[in-house]
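> Pasting the sequence and the predicted coordinates here, then a few questions.
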Amino acid sequence: MSEAIDVFARLIWWLLLPPLLPGLITRVKAWVAGRRGPPVLQLYYDLARLWQKGVVQSRLSSPAFLAGPAVAWVAILAAAMLVPLGPAGTTLSFRGDVVLVLYLLALARFATTWTAMETGSAFEGMGAAREVSFAVLAEAALMAAMLSLAVQTRSVSLSTMLAPFPGPGAVLLAAGLFTVLLAENCRVPFDDPNTHLELTMVHEVMVLDHSGPPLAVVLHGAALKLLLFAVLLTESVLPVGAIRPAVGMVLLVVGVLTIAVGVGLVESLMARLAFRRVPLLLLTAVLLCLFALLLAWQGGSVTP
Amino acid sequence: MNLNVLIGLAMGLNLLALGSSRIPSVIRAMSVQGVLLGIMPVLLATELDWHVAIVALATVTGKGLVIPALLRRAMRAVSIEREVEPIVGFELSLLLGAGATIGAVATARWLPVLPEHSGTLLVPGAMATVATGFILLVGRVKAITQVCGYLILENGIYLFGLLLIRSTPVLVEAGVLLDVTVGVFVIGIIVDRIQRTFDSLDTRKLTALRE
């Protein structure tokens, strides 16, 4: 019975909280620019409105056009359910679940790009190509980061990997994972979520042809992915799982909020990078995570 | 431990110099690295004597202030801000530099160093910095960036020399620093001459014969 309540509470966290983050980010951006900005709960209203609308589907596209967003959303939610929530741990934890999380995120990306190409639109094909080519480096960075945590804790299960303090490599990991977070969620130095110029968009252009409930699912999935990465980043840098439960939970929430504010500040203070400069920044993230791995490996050999 | 943090920072600055296309940020990376290198002998010494203090002070002023100021002056005189088309691309040089750093850290434990230096990153840091200097010297086409590469190479050698700081006379250190400063001074003049003769700082043009 308590298992069921636990899963239910987790579902509520992962389903209800995500749309808060984009709202917070827009609020921070509006505050820096001296505007009033939309309410923090704007995305909830948008989702509710989209849910009541009808679906328009191109005659060229197959039923996979509707299945894609659903597959992506379920994959991201499944990955999120495997990520431990600070002191609360996970309901389902097994050896190698970190690999499953990485692959579920990759599956979500596959479903999104597949759907983008369903309509045969050149713009969406371009967006899909960009998404996949950026992902090559972003996934390498994420894998290097997870590998460094695995080497540090000598475990391949997320709940033990993320619990302790990752040692001196924490700063490197924080910088690398924050860059990955920005890239994976198509935030500013990589992609401008507010732009309406199809030639320069990455994620937004892939979902141009969606409407109604599928678009709501896509938007919720994007917010969910942002929260997932924020939680992952907070837990890999701070010893959220190793201290008293109440403090750990507060630390987790504060960490996620700080990341949201940080993303908002980055978006207000930086311009989007030119496309040919993006690989350099992502490569820097890969190197940061690789050096964290090197540090974990060297530190492990000195003090076993 | 503190020394290792400083050397780690210097290694990070290596990568920053390799990855940035703007010449001012390469100069800044180099000068911050010079200041870090100047602080190291103070941390390395067991007690603070005048020898160490002079070396530290001379290094910080020379590498951190004088040489960068000379280079910025030269850069302003020829009004060049960016490295446009390097021979070795930024991504590739960053990868090469990271490979050199990882290789240096991985192989350093097999090198026969004194037991008191075996715990520090001095030797891998020196090797990585020298490699960075080489990559910048070979892979960039603008004269000012090549000078930065040369100076980073010299930083690497200085890092290696820290192993022997107790047995090096202060006169040698002073001589090296003076040589480097004069070298940069001369290069500043040469850069100006290249700019006037060729209307460009592309050193590849120096290899073509003209009437």
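It's in. Numbering: from 1, shown residues only, chains lettered A, B, ... in the order given.

> What number of neighbouring residues does the residue in the stretch 101-250 of chain A that chain B sits nearest to come out with?
Closest residue of the stretch 101-250 of chain A to chain B, C-beta to the nearest C-beta: residue A:168 (8.3 Å). Quick note: C-beta positions are derived from backbone N, CA and C, even for glycine. Number of residues near residue A:168 (other C-beta atoms under 10 Å in any protein chain shown) recorded here: 16.

> helix, strand or coil for it?
Following DSSP: H, G, I helix; E, B strand; the rest coil, residue A:168 is assigned to helix.

> How many neighbouring residues does the residue in chain B that chain A sits nearest to have?
Across chain B, the shortest distance to chain A (C-beta to the nearest C-beta) belongs to residue B:98, at 4.9 Å. By other C-beta under 10 Å, 24 other residues sit near residue B:98.

> what do you get for residue A:122?
9.

> same deal with residue A:230?
Other residues near residue A:230 come to 25 when the count uses other C-beta under 10 Å.

> ok but it is inside a helix, no?
Yes: under three-state DSSP, residue A:230 sits within a helix.

> Not counting residues beside it along the chain, what's closest to the residue nearest to the spatial centre of chain B?
Chain B has residue B:152 as the residue nearest its centroid, 1.3 Å off, counting by C-alpha atoms, centre = their mean. Excluding the flanking residues, the one nearest residue B:152 by C-beta to C-beta, 6 or more residues apart in numbering or on different chains is residue B:133, at 4.1 Å.

> so what's that neighbour up against?
Residue B:133 makes contact with B:149, B:150, B:151, B:152, B:153, B:154, B:155, B:156 under the criterion C-beta atoms under 8 Å, 6 or more residues apart in numbering or on different chains.

> Just name whatever secondary elements the lengthiest helix in chain B is in contact with.
Ranked by number of residues, the top helix in chain B under DSSP state H is helix B:170-198. In terms of contacts (3 or more C-beta pairs under 8 Å, 6 or more residues apart in numbering or on different chains; DSSP states H and E), helix B:170-198 is packed against helix B:50-61, helix B:67-78, helix B:143-161.

> Any idea how far apart the tips of stretch B:160-180 sit?
The first and final residues of stretch B:160-180 sit 16 Å from each other (C-alpha to C-alpha, to the nearest Å).

> what's in contact with it?
Residues contacting stretch B:160-180 (C-beta under 8 Å, 6+ apart): B:40-41, B:44-45, B:51-52, B:54-55, B:58-59, B:62-63, B:67, B:113-114, B:117, B:122-123, B:126, B:130, B:151, B:154, B:158.

> Can you flag the buried ones in those residues?
Neighbour counting with 16 or more other C-beta atoms under 10 Å in any protein chain shown marks B:40-41, B:44-45, B:51-52, B:55, B:58-59, B:62-63, B:67, B:122-123, B:126, B:130, B:151, B:154, B:158 as buried within the contacts of stretch B:160-180.

> Cross-check these against chain A and keep the overlap.
Near chain A, taking C-beta under 8 Å from any C-beta of the partner chain as the test, no member of the buried ones among the contacts of stretch B:160-180 is found.

> and residue A:281, how many neighbours does it have?
17.

> how about the helix or strand harbouring it, does it get close to chain B?
Following DSSP states H and E, one finds residue A:281 within helix A:278-302. Yes: on the criterion C-beta under 8 Å from any C-beta, helix A:278-302 is in touch with chain B at A:279, A:280, A:283, A:284, A:287, A:290, A:291, A:294, A:298.

> Which part of chain A gets nearest to chain B, residue-wise?
residue A:287 (4.9 Å).

> Nearest residue to that residue in space, ignoring adjacent ones along the chain?
That would be residue B:98: by C-beta to C-beta, 6+ apart, it lies 4.9 Å from residue A:287.

> Quick check: the one you found vs residue A:289, distance?
With the distance defined as C-beta to C-beta, to the nearest Å, residue B:98 ends up 11 Å from residue A:289.

> Would you mind naming the helix or strand containing residue 25?
With no chain named, the answer covers chain A. Under the assignment here (DSSP H and E), residue A:25 is part of helix A:20-33.

> wrong one, I was asking about chain B
Using DSSP H and E, residue B:25 falls in helix B:23-44.

> same for that helix, what does it pack against?
By 3+ C-beta pairs under 8 Å, 6+ apart, helix B:23-44 packs against helix B:2-19, helix B:50-61, helix B:67-78, helix B:143-161.

> what's around residue 19, how many residues?
Defaulting to chain A. Residues near residue A:19, counting by other C-beta under 10 Å: 24.

> Actually, chain B is the one I wanted.
By the measure other C-beta under 10 Å, the count of residues near residue B:19 is 22.

> And the pLDDT at it?
Reported pLDDT at residue B:19 in the predicted model: 87.

> Residue A:148: what's it in contact with?
A:166, A:169, A:173, A:289, A:292, A:293, A:295, A:296, A:297.

> does the residue nearest to residue A:248 when sequence neighbours are not counted count as helix, strand or coil?
Spatial nearest neighbour of residue A:248, excluding adjacent residues (C-beta to C-beta, 6+ apart): residue A:87 at 3.9 Å. Under three-state DSSP, the three-state class of residue A:87 is helix.

> Run through the residues that contact residue A:87.
Taking C-beta under 8 Å, 6+ apart, we find residue A:87 in contact with A:240, A:241, A:243, A:244, A:245, A:246, A:248, A:249.

> okay, it: pLDDT?
pLDDT, residue A:87: 80.

> Check residue B:210 too.
67.

> Pull the number of nearby residues for residue 171.
Going with chain A. Neighbours of residue A:171 (other C-beta under 10 Å): 13.

> Sorry, I should have been clearer: chain B.
Neighbours of residue B:171 under the rule other C-beta under 10 Å: 8.

> For it, give its distance to residue B:51.
Using C-beta to C-beta, one gets 10 Å for the distance from residue B:171 to residue B:51.

> Residue A:117 too?
Counting by C-beta to C-beta, the gap from residue A:117 to residue B:51 is 69 Å.

> same deal with residue A:4?
Distance, residue A:4 to residue B:51, using C-beta to C-beta: 73 Å.

> ok, now residue A:18?
Remark: distance between residue A:18 and residue B:51 (C-beta to C-beta) = 61 Å.

> ditto for residue B:118
For residue B:118, the distance to residue B:51 - C-beta to C-beta - is 24 Å.

> re earlier: kindly compare burial across the helices and strands packed on helix B:23-44 and name the winner.
Most buried of the helices and strands packed on helix B:23-44 by mean neighbour count (mean count of other C-beta atoms under 10 Å in any protein chain shown) is helix B:143-161; its value is a mean of 23.

> now the angle from that one to helix B:67-78?
170 degrees (axes from the mean of the first three to the mean of the last three C-alpha atoms, to 10 degrees).

> Quick one: mean pLDDT over helix B:143-161.
88.

> neighbours of residue A:164, just the number please.
Neighbours around residue A:164, by other C-beta under 10 Å: 15.

> In space, what's closest to it - neighbours in sequence excluded?
Nearest residue to residue A:164, sequence neighbours excluded (C-beta to C-beta, 6+ apart): residue A:242, at 5.0 Å.

> ok now the lowest-mean-pLDDT helix or strand in chain B, how far from the chain's centre?
Lowest on mean pLDDT, DSSP states H and E among the helices and strands of chain B sits helix B:170-198, with a mean of 80. Centroid displacement of helix B:170-198 relative to its chain, using C-alpha atoms, centre = their mean, to the nearest Å, is 14 Å.

> so what's the residue of chain A closest to chain B up against?
Contact partners of residue A:287, counting by C-beta under 8 Å, 6+ apart, are A:176, B:15, B:94, B:98.

> cutoff 10 Å now
With contact set as C-beta atoms under 10 Å, 6 or more residues apart in numbering or on different chains, residue A:287 has these partners: A:141, A:144, A:172, A:176, A:294, B:12, B:15, B:19, B:94-95, B:97-99, B:101-102.

> Likewise for residue A:236?
By C-beta under 10 Å, 6+ apart, residue A:236 lies in contact with A:145-146, A:148-149, A:152, A:158, A:161-162, A:166, A:169-170, A:173-174, A:176-177, A:292.
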